[in-house]
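> Output the structure for:
(one chain, ligands or ions: 1)
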Amino acid sequence: MNNSRFELYYKTQAIIPEDQWDAFLDALREPLPTTFRVAGSRQVARALNDVVRDTYIPNLTDLVFEGEAVPPPKQIPWYPDGLAWQFNVPKKVLRKNPEFKKFHSFLVYETEVGNISRQEAVSMLPPLFLQVEPHHKVMDMCAAPGSKTAQLLEALHADDDVNSSSIPSGIVVANDTDAKRTHLLIHQSSRLPSPSFMVTNLDASNMPNIKVPHDPPRGSNLRNLVFDRILCDVPCSGDGTMRKNVAIWKRWSPLDGNGLHSLQLRILKRAMRMLAKGGRIAYSTCSLNPVENEAVIAAALNGIPGFTLIDVSSLYPQLSRKAGLTRWKPPVDKELTFFDSYESYLESLSEERRKMSKMVKTHWPPDNVDGLCLDRCMRVYPHLQDTGGFFVAVLERAEFPSASGHPHREGKRSAGHLEETSTAKKPRIGDDGVAEDIMDQDESVDASASTSASVPVSDQGECAEGEPRENAGDTGFREAPYTYLSPDNTSVVTCLQKLNINSSFPSQNLLVRNPSGEAARSIYLTNDLVRKIIESNDYMKLRLVTAGTKIFGRQEGKTAGSGFRVLGDGIPVVMPYIADEHIVTADVEVLRILMEGYYPLLSAFNEEFRETLETKSPGNHIVRFPAGNRDGVNLSHDLVVPIWKSGMSLGLMIDKKTKSALSLRLFGNDITTVGQQKAKSQTENQAKGHQAETPVEHAPMLDELRESTPVIDDKDVLG
Ligand SMILES: C[S@@+](CC[C@H](N)C(=O)[O-])C[C@H]1O[C@@H](n2cnc3c(N)ncnc32)[C@H](O)[C@@H]1O
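A predicted model of the protein is given here:
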């Protein structure tokens, strides 16, 4: 793996001290270790992390395979709470060593259901530096496939506990311009069902303002929503990922970054205009190229006053990093011709070639480069901690304009208390240097004005992914509208009553996604702010792909009749609103029977459980399995699941993959009907001598799973 222009280009930029150059190149040629993060809100993640640390790691320590010592997985030192891990063992160890095989199988199952996120170590960094809190309004400008969005959501849900979800007052809006990839985002975030989540499908460089009512309301006047935290993980040339994407060695060109610079700058500037005073932006790329990194930051700071690069060197001190560059030379051609300035470059061109040139002034370091504190940007290199290459910069918008006239030259400011500021009558401050308050009024369109075209009504229930729905204009946007149900709606009232959900439940925030606006198949819950946004904006102009989380689904039952049941993902959300006496308690033996059979008969269960269930009406109930160790099965925390009583039998209402992962975690193998069928066909195949059918050889390798996890589909639910 060689590319002489790559070497020459980065040597010219002096990104690495001369004496580290060989180590840097050697590391780039090594395959990347496998890294993963235990996902989910804080307590859920910690509980699963305990399983990794206490159940698996001890058996993976001091292993020898074919005469060679195999290093055990280790925690990534800088990741909070030890929730991120890395290991570097050959595939044949994962396939053949019994302990690693078991561990690998656990990782594959948990990754498929989204409890573990396979994510590059460096890609975990930007959300950490944003330090999101549950009240923050957060925007992820270029979010798909969503591994960082998941981290933002986890931080928003820091107050959740293992069995119940909070309803944060803040929001995460995840956006991507690629419509297909926005659906990956939805899957990726489905393991942390959040009423505070929205997904939009917009060009981040031209994002419309999002309108919300004034607080307190001022008639029908709306204001622009400003965000406390914005992530700009922009599209980039990606040469920091060469260890994983080896094809980049061959196709890399020094000009790759030049073309992306302008889009990256436009996205960052748009984010700056949407940021609240005192708010923070993390700008990141997986590129080493200063044209995509420091040059973008410098141009943004010079383009929009009132921002500072903040010094985050004291955060995550165990992360080895280098300072941002303060000098760089943009390449004007593939042959690596450099000019000291844009002006000298222009002088070298004929009139005609000047017109055709794609180079722009902001490719070069600006005259005031030394005053911008670009050394506060962070560069992460592969040889420092065996990672990919990465760039992160954290910008903060000043609470108050600087009297010095150079807000970006101020020292470190605290991001401490971030209040959303009113947008009314803010001073515009011009060339005298005091920050011009352009944040809330800019050239982009508003999303509040409704479109005149009507949405054709379909008598189908939900708008399935990809289902054509003719919408206004010719935008190609095909999503069903959002309609909030009245809390008096019969379906809502019956559903809440049947589950004994108490009156403090925010039933005013239940919405449906179908053209008739009726409770057809699914009911979603949002928080208050999402509701305000939906009610104050045209969802088609916002290109709103999803909002809130689906918590109830219609169930057709022969004996129980038709009605809404709480979905597996809805359980944590409704749990705080259900009194303990309405929840059935059972032991792991009951769980085993529910897992092993498809709708087992009541007579299969122990007397106590059977008698309790016999008194219950047909339909949806919630069962709790208390934490503890019984019959060799260890439940580290209470497990709460929905069941469906149909006549004299019971069904466990969680999807097949989640069920299999849970079974593996609790019982050591997949005892579900699906698991039993798989095991049976493997035994048959082995008997026939088909060696390739052994489970692990047939299962996907962890590395082959996309860096976005679950495909949890309600169609998978039994019943
Ligand atoms: C580096 S990837 C983002 C990775 C993501 N943040 C994650 O952690 O999973 C860049 C994303 O930007 C999207 N993108 C490209 N141009 C865009 C634009 N103008 N507006 C919004 N998103 C854009 C791409 O579709 C791609 O998904």
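
> could you pull out the helices for the stretch 451-600 of the chain?
Secondary structure of the stretch 451-600 of the chain (DSSP state H, counting those that start in this stretch): helices located at 490-498, 528-536, 571-574, 588-596.

> Looking at the ones you listed, which is nearest to the ligand?
Taking CB to the nearest ligand atom, helix 528-536 is the member of the helices of the stretch 451-600 of the chain nearest to the ligand, at 18.6 Å. Placement of C-beta: from N, CA and C, glycine included.

> Can you pull the phi and psi angles for residue 481?
The phi and psi torsions at residue 481 (degrees, to the nearest 10) take the values phi -70, psi 170.

> That should have said residue 539, apologies.
The phi/psi pair for residue 539 (degrees, to the nearest 10) reads phi -60, psi -20.

> wait, isn't it in contact with residue 477?
No. Here residue 539 does not reach residue 477: they are 9.2 Å apart, not a contact under CB atoms under 8 Å.

> of the two, who's got more company?
With neighbours defined as other CB atoms under 10 Å, residue 539 and residue 477 compare such that residue 539 has more, 23 against 18.

> separation between residue 593 and residue 77?
44 Å (CB to CB, to the nearest Å).

> nope, residue 684 is what I was after
Distance of residue 684 to residue 77, given as CB to CB: 47 Å.

> remind me which residues of the chain are low pLDDT?
Scanning the chain with the threshold set as pLDDT under 70 gives 401-475, 557-561, 690-719.

> for the ligand, what are the nearby residues on it?
Taking CB under 6 Å from any ligand atom, the part of the chain that reaches the ligand is made up of 123, 142-148, 175-178, 181, 203-205, 233, 235.

> Give me the buried subset of those residues.
123, 142-148, 175-177, 181, 203-205, 233, 235 (16 or more other CB atoms under 10 Å).

> Just those residues: which are in strands?
175, 233 (DSSP state E).

> just to revisit the earlier point, so of the residues of the chain next to the ligand, which ones are in helices?
147, 148, 181 (DSSP state H).

> Apart from its chain neighbours, what residue comes closest to the first one?
This points to residue 147. Residue nearest to residue 147 in three dimensions, not counting chain neighbours: residue 119, with 4.5 Å by CB to CB, 6 or more residues apart in numbering.

> I'd guessed that neighbour sits against residue 146; true?
No. Counting by CB under 8 Å, residue 119 sits too far from residue 146 to count as a contact (10.2 Å).

> From the ligand, how far off is residue 249?
Computed as CB to the nearest ligand atom, to the nearest Å, the residue 249 to the ligand distance reads 20 Å.

> Just the residues contacting the strand or helix carrying that residue, thanks.
Element membership of residue 249 [criterion: DSSP states H and E] is helix 247-251. Residues from elsewhere that reach helix 247-251 (CB atoms under 8 Å, 6 or more residues apart in numbering): 1, 2, 3, 6, 238, 239, 241, 242.

> residues contacting the closest residue to the ligand within the stretch 501-650 of the chain?
Taking CB to the nearest ligand atom, the ligand has its nearest neighbour within the stretch 501-650 of the chain at residue 543, 10.9 Å off. When contacts are counted by CB under 8 Å, 6+ apart, residue 543 is found next to 200, 201, 202, 475, 477, 479.

> Name the nearest residue to the first one, sequence neighbours excluded.
The spatially closest residue to residue 200, leaving aside those adjacent along the chain, is residue 175, at 4.5 Å (CB to CB, 6+ apart).

> The helices of the stretch 451-600 of the chain: which one's closest to residue 347?
Ranking the helices of the stretch 451-600 of the chain by proximity to residue 347 (CB to CB) places helix 528-536 first, at 50.7 Å.

> Residue 494 against residue 563, yeah?
Yes. Residue 494 is within contact range of residue 563, at 6.4 Å (criterion: CB under 8 Å).

> for residue 584, which residues make a bridge with it?
residue 623 (DSSP bridges).

> In the chain, spot the helix with the most residues.
helix 256-273.

> list the helices and strands the helix or strand that that one is followed by packs on?
Scanning forward in sequence from helix 256-273 by DSSP H and E, the next helix or strand is strand 275-285. Applying 3 or more CB pairs under 8 Å, 6 or more residues apart in numbering; DSSP states H and E, one finds that strand 275-285 contacts helix 125-130, strand 227-233, helix 256-273, helix 294-303, strand 390-397.

> could you check the angle strand 390-397 makes with strand 275-285?
Interaxial angle, strand 275-285 versus strand 390-397 (axes from the mean of the first three to the mean of the last three CA atoms, to 10 degrees): 170 degrees.

> Could you give the separation of strand 275-285 from the chain centroid?
In terms of CA atoms, centre = their mean, to the nearest Å, the centre of strand 275-285 is found 17 Å from the chain centre.

> neighbouring strands for it, and are they parallel or not?
strand 227-233 (parallel), strand 390-397 (antiparallel).

> want to throw those strands into JSON lines with distance to residue 298?
Formatted as JSON lines, the strands paired with strand 275-285 follow (distance: least, CB to CB, whole Å):
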{"stretch": "strand 227-233", "distance to residue 298": "15"}
{"stretch": "strand 390-397", "distance to residue 298": "10"}
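
> thinking again about what came up before, go ahead and build a PyMOL selection from the buried members of the contacts of residue 543.
Provided next is the PyMOL selection string for whichever of those are buried by 16+ other CB under 10 Å:
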select buried, resi 200+201+202+477+479
